[in-house]
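# Need coordinates for the below:
(2 chains)
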Amino acid sequence: MLEELEQIRAEALAKLAEANDAKALEAWRVAYLGRKSPLKQVFTQMGKLPPEERPLVGKRTNEIRREFEAAYEERAAAIRQAELRRALAEERLDVTLPGRKPAPGRLHPVTQTIRRISEIFAEMGFQVLRSREVETDEYNFQLLNIPPHHPAREMQDTFYVKTQTEDDTYPVVLRTHTSPGQIHAMRMMSGYTGEGPLPENPPPLRVILPGMVYRYEQITARSEIQFTQVEGLAVGHNITFSDLKGTLADFARRMFGPEARVRFRASHFPFTEPSAEVDVECFLCGGKGCNVCKHTGWLEILGAGMVHPVVLRNGGYDPEKYSGFAFGMGPERITMLRHYIEDIRYFWSGDLRFLEQF
Amino acid sequence: MLIPLSWLKEFVEIDIPVEELARKLTLAGLEVEAIRYVGLPMPKEGKHDFKISGLEWPADKFVVGAIYEVKPHPNADRLVLCRLDDGEQEHIVLTGAPSLLPLKGKKLEKPLKVAYAREGARLYDGHNPGWKLITLKRTKIRGVVSYSMVCSEKELAISEEMDDIIYLPDDAPVGMPLAEYMGDAVLDIAITPNMARNANVLGVARETAALLGKPLHKPSLEVLAEGKPIQGRAAVKITNPELNPRFMLGLICNVEIKPSPFWVQWRLKMAGMRPINNIVDATNYVMLETGEPLHAFDYDVLVKRAGGKPPTIITRTAHKGEKLTTLDGVERTLDEFTVLVCDTVGPLSIAGVMGGEESEVTDQTRNVLLEAASWNFINIRRTAQKQKLSSEAAYRFSRGVHPALAEVGLRRVLELMRQWSGGTVAKGFIDEYPLPPKDPTVVITPEDVRRWLGISLTPHEIADLLTPLEFECKIVDDTVYAKTPPHRLDIGEGVIGKADLMEEIARMYGYDRIPETRIADELPPQRPNPDLEREEHMRDILTTLGLQEIITYRLTSPEREARLVPDYAKEPYVELVNPIAPDRRAMRRHLLPGLLEVAERNARFRNRQALFDLGPVFHPREGELLPDEPRRLAILLTGDRQLPHWESGEPPKMDFYDLKGVIEALIEALHLGEAEFEPAEHPALHPGKSAQVSVEGIPLGVFGELHPEAQQRYEIEGAPVLVAELDADAIIDLIPDGYALKPISPFPPVVEDLAVVVDEAVPAAQVEAVIRKAGGKRLVDVQLFDVYRGPQIGEGKKSLAYHLTYQDMEKTLTDKDAAKIRKRIIKALQRELKAQLRG
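Reported below is the predicted structural model:
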């Protein structure tokens, strides 16, 4: 009997090794672990054995059955693995086919640039303030130390708005710069209305003034009738020209890279004195000279200066006690430089081939 | 302003290369925009700080030549052969210079000095238009060998003149390199309004001397006056000193009108002016040199007008409708603010702007009366603008010329005229000077310098920076008293004067030497800025919803906006006095027309578009100077719902519900509150596919599918166009400061479906409202998942199927609980909407 058992075992394990799929495996299970399995037969014939053999045969039979079960599980797992491998192999994709992209939305590049600039200055304590785009001549020019017929008006070609006035003056303009925001900001902080004595002790002030401005120009690859500006203004008891240099140098390092240097050239704006044009070392060629910087190694990026005493006073700050600096820059120009854009007209075109690249 | 280097060197020693000088001037505020090289060596390729142009004349290629004989060309009438000495050997040079043709075969009294270019020289093509560099090569022209050239101004890049060759003065040394003889470089300097005093060679020389630490050699103001005194031969009367603070006259008699000396003409050309004759050239020369514009009258014409008596010059404003024919031959009607220089008969010239035709100097003029005056710059500016007249004089006077310069200019011009014309200068001047300027003294302390510039300077250091600019500085204790020199009008008084001098101190100290520091001042108080933060937040949400931000032109026209809605043309617009074009003459009142123009352009190459524009529109306000600038949000969707993909076949197009979904998602993301939608009418929208959205009873705007007729007016085809124009201010106002989250139940939800059939006319929103109300607080979600119409449910009916989610915060709901809620909902639907339960 025991011999017979060993024979069954050897035969069964050999067959199990041959079972290569789920079907063959199931057939084997029915054959060797089912009701009609040879092991069951052994049990049914147990009575015919001599009593002393019975425990031995019984024990061995159980051992073999457990061995069969274990071998079955092992084999089943192997077959499942193999089948899964086969199935997965059949599901193989061409991974080079294009993916299914969600349709993303994007901010306009100018919005992105203005945000970047604003964020950098926000960390230096400057808060964003915006003001209207259709302005009075008073805020756009006069309070900024540009009286009527001042030569500086020629530097800015102005769009005048039709209004009912009796003489031939036009008191309303499309703002030619974001600088009227300087007066709005100072008056907001100082509470000055433009009349009466200057406020006693207005608080210091640091603002960033982004927005759309307008100039009477032809629309070309280099000039636009509307463009954005970001202006900055700091007023306090102890704000110096060297602070202006340091602030813009810090800004340049964050905006254009840790190596970016700035260069100040004397210039003229009616609302600042001393005034400066600020060049940033060309971040495209590292100052070696390239087409973009016209081989000078420098890019004209900002205008800046110390706030003119007349402007401080118009804002409600006594120029004998307070000083301040102001600066301005063009987000389109910065965007154009960073991305090698040669035509400013793309910005307001709405051309998706342009906008979707940002 | 064109400044020839050679002229500058007359007043200040310059021992640095021209580029280095240009760099120093630029940093100090005299921005050199370009350098034109006229013969001098040009910088090589690579990095250079300035725009450069011109031509280098290498010493071995361009020299002074002398023509000894002009011979006919054997085969060409219009060409000649010149026997020319270049200092080394004799050459036969072939040329067609018209001035040499008549000299063919004639004996020359003296050799003609010319600019000679040897074989291999690179120069500009002087026979064809445009600027093309050529190299002189050996060739044969009509059978005669030619390898070199006598040059015209164009060929040497001096001017555009190419009709004839240049003749040099007789004393030009033969064989001397041309660059050494007359090579120059011209700085093109942009003069900012505060630098008006430097719109002349002396001004730039003063700055140069100060920056280089060299002395300034001013020209002599001596006049050799040997004629009968001017007193009694002319008189001046000023009627308004505010407009005319000073008026001077000088007289020179028996002048011989002829061309100016060669080097005078050369300098005028280099500075961009055309030489005319010795009298006109002298006034221009002195204006360029000193900055004082001068005017020359034909004295005899004035005497004649005065009936043979000495003329009296009167300055006054014009009478209404008064007329004058100016030098340019235009008869001008003058404004009452215009200042005129008149005699007793009438106007002679527009003061400071342009002379009159009648009294101008002509070839017959013998005696010249010279005007040197000063004028109110604002008035001159107004006049020049009103008359649309630009002149070198107006350019300077409209920026301010110090009255002290009148005498400087008058002395200088009389002496130069005398030298160049052989005339006799009358002794003395007529000088009316009723209103000298203040020339303020500005008080500066080291503390001022520290407070403004952030640098420490001693009083002596401050004075040393200002003195080279001709400020007279006195130091008392710790204070510098700086008196403004009598050539500048840009220095104010008090604290303004301080600011003016801070600029001068900073410029002379060097902007590059001022250190970079961080603001040490107190940090300002921070204020809340919700309006801006919310607007930017809204932009972010819109991009997460898949929309591309567009910024369009705010300048448009009512007609352009009326393409969307014809009635827009009747609305009031913010209109411009001086638009660049009729279709950009007004500020937009609406956002959608601009966004549709963008979509129209993109439609040529893009099927799918999802856009938004968030910005101000401009509405004139009755009785107010300034318009209202409310913010709007426009959204536009059109084309495929998804981006194109290789497996999707023909994807569905976006429709009303895509746009509505965007708006719903926006309202949810901004936590505005419960949105309500109701059918709306809008002239540009499909009447059945448009809705108004409101939150808490506040209307936010109308959206929907573009009316087919409106869509036809734009070139967008193949798919519906969905548009919204919403009130961004209202949305921003509705964004709450904070919001509470709904609690999340730890107990499992029960989800079941409910399908009801209602009349077509019953809006879905109403069905949902009834369900929600009846469901109570345990009904936590209602999700419409199917809308069905068909024969099974009958005509005029629709079936709406919902997933309903029940949940309780305190316990797990039983089937019994769920059944109770369901029953309540069904009952309410039956009662309020006559709804039937579907299968």
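
# from the chain's centre, how far out does stretch B:637-656 sit?
Per CA atoms, centre = their mean, to the nearest Å, the displacement of stretch B:637-656 from the mean C-alpha position of its chain is 45 Å.

# Residues contacting that stretch from elsewhere in the structure, which ones?
A:97-98, A:100-103, B:599, B:603, B:606-611, B:658-659, B:662, B:689, B:704-705, B:716, B:718-723 (CB atoms under 8 Å, 6 or more residues apart in numbering or on different chains). To be clear about C-beta, it is placed using only N, CA and C from the backbone, and glycine gets the same treatment.

# residues touching residue A:110, list them.
By CB under 8 Å, 6+ apart, residue A:110 lies in contact with A:228, A:331-332, A:335, A:347, B:551.

# now the contacts of stretch B:637-656: which count as buried?
Using 16 or more other CB atoms under 10 Å in any protein chain shown as the burial test, the contacts of stretch B:637-656 include B:599, B:603, B:608-611, B:658-659, B:662, B:689, B:704-705, B:716, B:719-723 as buried.

# filter those residues down to the ones close to chain A.
Contacts with chain A are made by B:599, B:608-611 out of the buried ones among the contacts of stretch B:637-656, judged by CB under 8 Å from any CB of the partner chain.

# In JSON lines: those, plus secondary structure and pLDDT.
JSON lines is the format used below for these (DSSP: H, G, I helix; E, B strand; the rest coil; pLDDT from 0 to 100):
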{"residue": "B:599", "secondary structure": "helix", "pLDDT": "97"}
{"residue": "B:608", "secondary structure": "coil", "pLDDT": "94"}
{"residue": "B:609", "secondary structure": "strand", "pLDDT": "97"}
{"residue": "B:610", "secondary structure": "strand", "pLDDT": "97"}
{"residue": "B:611", "secondary structure": "strand", "pLDDT": "98"}
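
# tell me which of those is nearest to residue B:454?
Residue B:454 lies nearest to residue B:611 out of these, by CB to CB, at 48.2 Å.

# I'd like to know which of the contacts of residue A:110 is nearest to residue B:759.
The closest of those to residue B:759 turns out to be residue B:551 (CB to CB; 46.4 Å).

# Give me the phi and psi for the nearest residue to that closest one once chain neighbours are set aside.
Nearest non-adjacent residue to residue B:551, counting by CB to CB, 6 or more residues apart in numbering or on different chains: residue A:108, 5.0 Å away. In terms of degrees, to the nearest 10, the main-chain angles of residue A:108 are phi -60, psi 140.

# Go ahead and confirm residue A:108 touches residue B:550.
Yes. The criterion here is CB atoms under 8 Å, and residue A:108 meets it with residue B:550 at 6.7 Å.

# neighbour-wise, which of these two wins?
With neighbours defined as other CB atoms under 10 Å in any protein chain shown, residue A:108 and residue B:550 compare such that residue B:550 has more, 26 against 23.

# Just the pLDDT for the more buried one.
With respect to pLDDT, residue B:550 scores 98.

# Quickly note the distance from it to residue B:782.
36 Å (CB to CB, to the nearest Å).

# hang on, the earlier thing: residue A:252: which of the ones next to chain A among the buried ones among the contacts of stretch B:637-656 is nearest?
Using CB to CB, residue B:611 comes nearest to residue A:252 of these, at 34.0 Å.

# tell me the contacts of the residue of the stretch 401-550 of chain B found nearest chain A?
Scanning the stretch 401-550 of chain B for the residue nearest chain A gives residue B:454, at 3.0 Å (criterion: CB to the nearest CB). By CB under 8 Å, 6+ apart, the residues touching residue B:454 are A:240-243, B:514-515, B:517.

# That one and residue A:38: what is the separation?
Using CB to CB, residue B:454 is found at 103 Å from residue A:38.

# okay, now the residue of the stretch 1-150 of chain A found nearest chain B: neighbour count?
Going by CB to the nearest CB, chain B is nearest to residue A:105 of the stretch 1-150 of chain A, at 3.5 Å. With neighbours defined by other CB under 10 Å, the count for residue A:105 comes to 19.

# Take the contacts of residue A:110 and keep only those in strands.
residue A:228 (DSSP state E).

# Alpha carbons only: can I get stretch B:591-598 in PDB?
Below are the C-alpha coordinates for stretch B:591-598, written out as PDB (Å, rounded to 0.1, in the frame of the first residue of the first chain):
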ATOM      1  CA  LEU B 591     -15.100  93.500 -23.400                       C
ATOM      2  CA  LEU B 592     -16.800  91.000 -25.700                       C
ATOM      3  CA  PRO B 593     -16.400  92.800 -29.000                       C
ATOM      4  CA  GLY B 594     -12.600  92.900 -28.500                       C
ATOM      5  CA  LEU B 595     -12.500  89.200 -27.400                       C
ATOM      6  CA  LEU B 596     -14.600  88.200 -30.500                       C
ATOM      7  CA  GLU B 597     -12.100  90.000 -32.700                       C
ATOM      8  CA  VAL B 598      -9.400  87.900 -31.100                       C
END
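
# does chain A sit close to that stretch?
Yes. Residues of stretch B:591-598 are located near chain A by CB under 8 Å from any CB, namely B:595, B:597-598.

# Any chance of these in TSV with neighbour count as columns?
Formatted as TSV, these follow (neighbours: other CB atoms under 10 Å in any protein chain shown):
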residue	neighbour count
B:595	24
B:597	20
B:598	24
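
# what sits against residue B:112?
By CB under 8 Å, 6+ apart, residue B:112 lies in contact with B:66-67, B:167.

# In the stretch 301-450 of chain B, mark out all the helices, start to finish.
Assignment of helices within the stretch 301-450 of chain B using DSSP state H, counting those that start in this stretch yields the ranges B:377-386, B:392-397, B:404-421, B:446-453.

# roughly how far out does the third one sit from the chain middle?
When C-alpha coordinates are averaged (CA atoms, centre = their mean), helix B:404-421 and its chain have centres 37 Å apart.

# What is that helix packed up against?
The contact analysis (3 or more CB pairs under 8 Å, 6 or more residues apart in numbering or on different chains; DSSP states H and E) places helix B:404-421 against strand B:246-253, helix B:278-290, strand B:294-298, strand B:368-374, strand B:424-426.

# Out of the ones you listed, flag the one nearest chain A.
Across the helices and strands packed on helix B:404-421, closest to chain A is strand B:368-374 (CB to the nearest CB), at 16.2 Å.

# For the closest one, name the packing helices and strands.
strand B:246-253, strand B:294-298, helix B:299-305, helix B:404-421.

# Could you save those as JSON lines and add columns showing distance to residue A:232?
What follows is those, written out as JSON lines (distance: least, CB to CB, whole Å):
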{"stretch": "strand B:246-253", "distance to residue A:232": "43"}
{"stretch": "strand B:294-298", "distance to residue A:232": "46"}
{"stretch": "helix B:299-305", "distance to residue A:232": "58"}
{"stretch": "helix B:404-421", "distance to residue A:232": "39"}
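
# Could you pull out the buried residues of the helix or strand of chain A with the lowest mean pLDDT?
Least confident element among the helices and strands of chain A, by mean pLDDT, DSSP states H and E: helix A:38-44 (a mean of 82). For helix A:38-44, a neighbour-count test (16+ other CB under 10 Å) marks A:38-39, A:42 as buried.

# What helices and strands are in contact with that helix?
helix A:2-18, helix A:22-33, helix A:53-90.

# Apart from its chain neighbours, what residue comes closest to residue A:193?
Here the residue nearest residue A:193, using CB to CB, 6+ apart, is residue A:187, at 7.1 Å.
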